[in-house]
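J.: 3D model of this:
(2 chains)
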Amino acid sequence: MKLAACAVFFAACASAPRGPGKLRFANAEPVMKVNDSQPIEKPKHVELGLVTYYLGEDFIEPAVRSLEVGETKPAANVNSLGEVPDSSWFTNRSPTPEEIRKGPGLGGPSRDKKWQVTGVKVGGAAIGILMKDGRGDTYVLKFDERHYAETETSADVVVQRLTWALGYNVPDNEVVTFKREDLELAPDAAIKDRAGGKKAMKEADLDKYLAMVEHDGDTYRGLASKFITGDIVGGISPEGTLPDDPNDRVPHELRRDLRGQRLLWAWVNHPDIKTQNSLATYDGDHVKWYMLDFGESLGVGARTTNLARLGYRQEYEVRDMGLSLLSFGLYVHPWERRTKFPPFKGLGWFDAESFDPGGWAANHNWHPGDVADRADELWAAEKILKLTPKHIAAAVDAGQYSDVRTREYLTKTLVARQEKIGRYAFSRIAPLVELKASQRGSQIEVCFSDLWLRYHYGSPENTRYRATSFDTTGARLGATAPVSARGDSTCISGISTGATDAGYTIVRIDASRGRHALPPLYVHAARGPDGYRVIGLDRR
Amino acid sequence: MPVDFALAAAWSLIRHHLVKRKLAFGLVALASVGAPSWAETPVDPPADAASGIIVKADEPDHSVANGILYVPRSLAQLILSAPRYAAVGVDHYLESRSPNAFGRDVHSSWRLGAVFDWENVTGPSGALRIGRELGDAYSVDAYGGAFGARGVSGGARISLGRFTSWRIQPAVDGMVGSGMERVYAGVGEMDGRRVTFDEKQAMAHATVAIRPGRWWLIVGRAGFAQTTPDDGGDIATAYPAAVGVGERDRAGSGEISLSYDTRSPDYSWILPAAPSSGTLIHATGAYTRGETDSTGAYSFGRSHLEVQQLFDLFHGDRVLTIGARTETITVDPMSVPFTQLPALGGADMLRAYARDQLRDRSATYANIEYAWPVTVASQAFLFAETGEVHDGYRNFDSNNLHIGYGAGVRAYDGRTTFLVLQIAAAGTDQIGAFAQLGAL
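T.: Sure thing, here's the model as predicted:
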C-alpha cells in the first residue's frame, strides 16, 4: 500500500506541469534579420589539416569537454519565436521547384571559349582541376571515382540544391560534360601545395589527373563548382567563433542553423560533415559562410568506400565495436540489414527502410549537430517537410542522372526519409507552429497549427490540447478545459489574461496524443499596436 | 623546436581559457577593441540579440564544479597540445607531397614493411623490409630480422611484379640467418621435455608460378638450403638419439604444388584479406636430397594436402571455416635430420604448442573457426583445433589427438593482415600466446 502511495506521489510529481519560470520576452515583433554584415578588417586565415582536425574533434575536444560540468545550452541565434533570422549564414527562402532545378548560380561555366586549366585544387582528398571559362569565372572541376559514374558529381548537385532551398549559402555547382579537347593549359598553369611549393603544370600532368577519374573515352563528366568570390579565411569551426570576426558573435555550437543541420544531413545521408567541407569568405566587407562538398551524400560515400556504416555509426564508436565484439556477431547493425541496392547508374547505398533519424551519425564528431536539441530539430524538420515531392524531384533532376530509374528511386527514397524525419522530430516536442493570439472580450484565444496532424501522422480525434495561463509574475490565472484537435489547425479560447505589462500572459499548452503527453509549449503573448500578439515561444 | 612547442602550447591555453571562455579580467575588453558599434544599427540587431529575451530563464550554476575542474582541464589541454602539434606536422608532410590530402596522386616505387612478433615461448622478434619496383615489371625486396625466432637474418627476393601474358610469374629469393630460436621436444609423442636451440640457415630458391585459370595456381619451386641446428648441449642431453643435432645439413629440393582457391569476399565491403566463402584445396609433392656432416646422405619424398571450406553465415563477415591438412615424408623419421620432419605447433596449427614442438614422419591437423566483425577492418575469432604427429598413417591413433581451443582478433588493411593477437590452450598445461603487428 505504501509502495503504491509512493508510486502515485512520484508519478504525480513527475507529470505535474512546471510553471513558466523566469523567462520573459520584450513586447515586440520577432527579429527576422540580424545585422552580422558590419564592415570589418579581413580576419586571419585559419585552416586545419585533416589529421589535426580529426584528432582535435574526435579525441582532444571531447576529452577536454569531459572535464566541464553543465547542461547543453539552447540555441542562441534565434528570434523570439525560435526562428533563425536572415544573416550572413542563412536566408529564409521558399523557392519554387523551377528555382530549385535552376539553383542559385549561372547554370555552369560558359562554353564560349575553351576552358583554360590554371592548376590543381590544393587540399581535400579528391582530384580537382582549376579552370577559367569564357566569362573569366574560375571553377574547380571535380569528378566521379573510377568505376562509379554519376555518383559524386550528381549527389553533390542534388544536395547542394536542397541545402540551398533550405536557406544555406552554397557554391554555384553544376554537372558538366566535356571532352579533353575542350581544355587547354593556361600559360601560367601551376601545381601548388599547401606548404608553399609550386611547379609548372604540363599537359602530361593534366592527362595524369584526368586518367585518375571516371571517364568514357575522351568524354568526361564533372562537377563544375564556381569559385566563391572573396578571400577564403577558413571554414566553419564546430565550436567557438572566428577569432578576428566581431560579427561572428554566437558560438557555432549554439547556432540553430548549424545544429538543425543534423536532420538535413541525416535526410540526405551526408556523413562527411567537417570544417573542411565548409567555407568562410571575406568579401572586402564582412565574412559570409558556406556549406559545400556534398559528393559523399545520398549513400555515395558508403558505396565508393565500401563503408556501409556511413550515416549509422561514427568512425570511432567504442560502444558499437564493443557490442559487435561481445555479441559474437549475433547483434545485427542497422546497416547490415540491407545488403542489396538497385543496380541503377549513379545510385549510392541509400534507402529509407533502415533510416533512423534519431540514430543517424556523422562520420566524425560535429559539435553543433551533436548538441542539437528537440527545438533545433523541430525547426529543421519543419523546413525539410515544407519541400514537396515536386521540389525534391527538381533537385534530383539537377543531378542529371542518365538513368530515369535512379531519379525515381532517389525522389521516392528522399520523400520516404522526409516522412521519417517528420515523425521523429514532431513526436519529441509539441510541434505547434504558426501561433497566433487574439483578444476575445476579456480573454484571449490562441490558434496554432499542429505539424503532426498537418502531415497526417496521426488523427485529430486522438489529439487534445489544454491551456493554462500565467501572468507576468508567474502567478497562475486559470486553465481551459481540454480541447480536441480540429484538423491540423486548432484554436483554444477562454484563456485568462494578465493585468499588467500590456496584458503580458504566458499560456502553457499541454498537448497529448492518446495517453502520450508531449512536453509543454509556453506561449508568451501581450498587447501590441493591433491587439494581442505572440511575442515569444518557450519550447520545452 | 622545443621553444616553438612551448609557445604554441602556451598560446593555445591562453586563447582557450582566457579569451574564448571569457575568464580573463579585462582581456576580453581588450579583445573586443575594434568591434563595430551596434548602436549604429538600430534596425537589425546582432545575431546574439535577436531572441527578444529581457529576463533569462533560470540556469543551473555549475561555477563551483567547473572552478574545481579548471586545473585538471588546463592540464589536459596542455598535455593534449603535444599530439595536436604533432598532427600539424603530419598534415604538413602529407600535403607537401601532393596538392591532394594524403598524397593520393603520388605514386612511390618504394615499399616499406615492418613486423613485430611475440610468442610466449620464443619471445619477441622483428623484421624490416624495404622493396623497390624496377621499371614496370620487376621488383626487388630485401629484409632483415632480429631477435627470437628471426635471430639475426637477412634475405632478398627478386620477382616479376605481375603475371606475364603467358600467365607466368618467376621469382628468386634467398636468405641467411643465424641465432634463430627454435624449439625441440623430440620426435613422436612428447614426453614433456622441451628445449630451445639456435639455428643457422642459408637458402636460395627459384620459383615459377603459373595461373592457368582464375581459381587455379601451379607453383614449381627448386632450391638449396643449408641448415645447422646449434647444439648447445641441451638437445643432446635431453634427446641423445636426435638426428642432425649440431650437424650441417645441406639439401636440395624440388616441389610442385597445385592450388584451387575460390575463397573470395562475397560483398564489396569485405576486404580481400578476410574472404567470406569459398574452397581451398592445396596439394604439394616434393623431393629432397641432402647430406649431413656425420649422418650421411639421405633422400625422401614429401606430400602435403590442405583443404579449407569457408561458409558465409551472414553479411559476408560472420564466417565459419573448417579446415584440415596433412603432411608426410616417405622415410623413417630417424633417418633424416629432425629439421626436415613434418611438424605442428605455432601461430597457425595447434596454437597451444610452440612452433614445431611436435615432429614426426607425418602430421595431421584439423580446425574449425568462427569469425565475426568488430569493425570493417577487424574481426574476432574463436577456434578449436586438433592434430597429432605420427609415424606414418598406419600409426595414426585418434586417442593421441591433441585438442586445443582459443580466441583472437585480427585487423586488416586491404589485402594485408597487419595485426593478429591470439591465445590458445590445450589441456591444463599448454598455453600459447601470439602477437603479430605489422606485415612484411
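J.: May I have the phi/psi pair for whichever residue of the stretch 351-500 of chain A sits closest to chain B?
T.: For the stretch 351-500 of chain A and chain B, the shortest gap (CB to the nearest CB) falls at A:Thr472, measuring 9.5 Å. C-beta: built from backbone N, CA, C; applies to glycine. According to degrees, to the nearest 10, the main-chain angles of A:Thr472 amount to phi -70, psi -20.
J.: Distance check, it against B:Thr417.
T.: Using CB to CB, to the nearest Å, A:Thr472 is found at 70 Å from B:Thr417.
J.: Between the two, point out the one with more neighbours.
T.: Regarding A:Thr472 and B:Thr417, a neighbour count based on other CB atoms under 10 Å in any protein chain shown identifies A:Thr472 as having more, with 19 against 16.
J.: count of residues packed around residue 63?
T.: I went with chain A, as the question did not name one. 14.
J.: Can you look at chain B instead?
T.: Neighbour tally, B:Ser63, other CB under 10 Å: 10.
J.: same question, the one 4 residues further on
T.: The number of residues packed around B:Gly67, counting by other CB under 10 Å, is 10.
J.: and if you look at B:Tyr93?
T.: If we define neighbours as other CB under 10 Å, then B:Tyr93 has 13 of them.
J.: who touches A:Ala430 in this structure?
T.: Shown in contact with A:Ala430 (CB atoms under 8 Å, 6 or more residues apart in numbering or on different chains): A:Ile509, A:Ala511, A:Leu518, A:Pro519, A:Pro520, A:Leu521, A:Arg539.
J.: now the first one, nearest residue through space, not along the chain?
T.: Take A:Ile509 and drop its neighbours on the chain: the residue closest to it by CB to CB, 6 or more residues apart in numbering or on different chains is A:Leu521, 4.8 Å away.
J.: Give me the secondary structure label for the residue in the stretch 151-300 of chain B that chain A sits nearest to.
T.: Nearest residue of the stretch 151-300 of chain B to chain A (CB to the nearest CB) works out as B:Trp269 at 4.2 Å. Here B:Trp269 takes the coil state, with states given by DSSP: H, G, I helix; E, B strand; the rest coil.
J.: count of residues packed around the closest residue to it other than its chain neighbours?
T.: In space, and not counting its chain neighbours, B:Trp269 is closest to A:Asn306: 4.2 Å by CB to CB, 6+ apart. A:Asn306: 16 surrounding residues under other CB under 10 Å.
J.: now chain A, which segments are flagged as low pLDDT?
T.: Filtered on pLDDT under 70, chain A yields the residue ranges A:1-18, A:122-125, A:193-196.
J.: Apply 50 and report the result again.
T.: Per-residue confidence for chain A (pLDDT under 50) gives these ranges: A:1-17.
J.: Which element, helix or strand, includes A:Ala308?
T.: According to DSSP states H and E, A:Ala308 maps onto no helix or strand at all.
J.: same question but for B:Tyr85, I mixed them up
T.: helix B:70-96.
J.: what are the ranges of the helices in the stretch 101-250 of chain A?
T.: Assigned by DSSP state H, counting those that start in this stretch, the stretch 101-250 of chain A shows helices spanning A:152-165, A:203-211.
J.: Comparing the ones you listed, which comes out most buried?
T.: Most buried of the helices of the stretch 101-250 of chain A, by mean neighbour count (mean count of other CB atoms under 10 Å in any protein chain shown): helix A:152-165, with a mean of 28.
J.: right, is stretch B:109-127 up against chain A?
T.: No - legend: contact between stretch B:109-127 and chain A by CB under 8 Å from any CB of the partner chain is lacking; minimum distance shown is 15.5 Å.
J.: So B:Leu437 is in contact with B:Pro124, correct?
T.: No - when contacts are counted by CB atoms under 8 Å, B:Leu437 is not listed as touching B:Pro124 (10.5 Å).
J.: what do the two both touch?
T.: B:Phe116.
J.: who in the stretch 251-400 of chain A is up against chain B?
T.: Near chain B, when you scan the stretch 251-400 of chain A using CB under 8 Å from any CB, you find A:303, A:306-309, A:321, A:324-325, A:328-329, A:332, A:336, A:339.
J.: Show me the two of the residues you listed that sit farthest apart.
T.: Using CB to CB, the two most remote members of these are A:Arg303 and A:Phe328, lying 28.5 Å apart.
J.: So the two - more neighbours on which side?
T.: A:Arg303 (25 against 12).
J.: you'd agree that one is in a helix?
T.: Yes - under three-state DSSP, A:Arg303 sits within a helix.
J.: what is B:Trp216 paired to in the beta sheet?
T.: B:Tyr260 (DSSP bridges).
J.: Now do the residue in the stretch 1-150 of chain B positioned nearest to chain A against A:Ile392, distance only.
T.: Across the stretch 1-150 of chain B, the shortest distance to chain A (CB to the nearest CB) belongs to B:Asp91, at 2.4 Å. Distance, B:Asp91 to A:Ile392, by CB to CB: 38 Å.
J.: Neighbour count: these two, which is higher?
T.: More crowded of B:Asp91 and A:Ile392, by other CB under 10 Å: A:Ile392, with 26 against 23.
J.: Show the backbone phi and psi for the more buried one.
T.: Note on A:Ile392: backbone dihedrals following degrees, to the nearest 10 are phi -70, psi -40.
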